[in-house]
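> sequence unknown, structure follows:
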C-alpha cells in the first residue's frame, strides 16, 4: 500500500489508522500547491489517496478509514446500523 498525504491535511486520520493497525505501507508526502503531482494520483487533486497492491485507488478519508476497518476485522468501527451511522457522522 502507498499513502499519498500532505502535512496538515485530513490525510492525517488515515496515516494514524494505518499506524494503529500496524500495516505495512509507503508514505509519499506531497504539497497541496503542486496540483499536477496531486492529479497524477487523484484527478480531484487532493489527499488522501491510498493505492492498494492490486492497483485500486481509494480517495476520501472516510471511505479509506471504513475500508481499512472492514478489511482488518472491523476494528474502530462499531457494529449495528445506528452505531455505525453515528460513527460515520462523527467522521464527516
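Happy to help now that I have it. Everything quoted here is computed from the prediction, not taken from an experiment.
> Contacts only, for the closest residue to residue 29 other than its chain neighbours.
Using CB to CB, 6 or more residues apart in numbering and skipping the chain neighbours, the partner closest in space to residue 29 is residue 5 (6.0 Å). Using the backbone N, CA and C atoms, a C-beta is placed for each residue, glycine as well. Under the criterion of CB atoms under 8 Å, 6 or more residues apart in numbering, the contact list for residue 5 reads 11-12, 14-15, 27-30, 47-48.
> if we go to 7 Å?
11, 15, 27, 29, 47-48 (CB atoms under 7 Å, 6 or more residues apart in numbering).
> Report all helices and strands that the host helix or strand of residue 66 contacts.
Taking DSSP states H and E as the criterion, residue 66 maps to helix 61-70. Under the contact criterion of 3 or more CB pairs under 7 Å, 6 or more residues apart in numbering; DSSP states H and E, helix 61-70 touches helix 11-20, helix 81-91.
> cutoff 6 Å now
With contacts defined as 3 or more CB pairs under 6 Å, 6 or more residues apart in numbering; DSSP states H and E, the secondary structure elements packing on helix 61-70 are helix 11-20.
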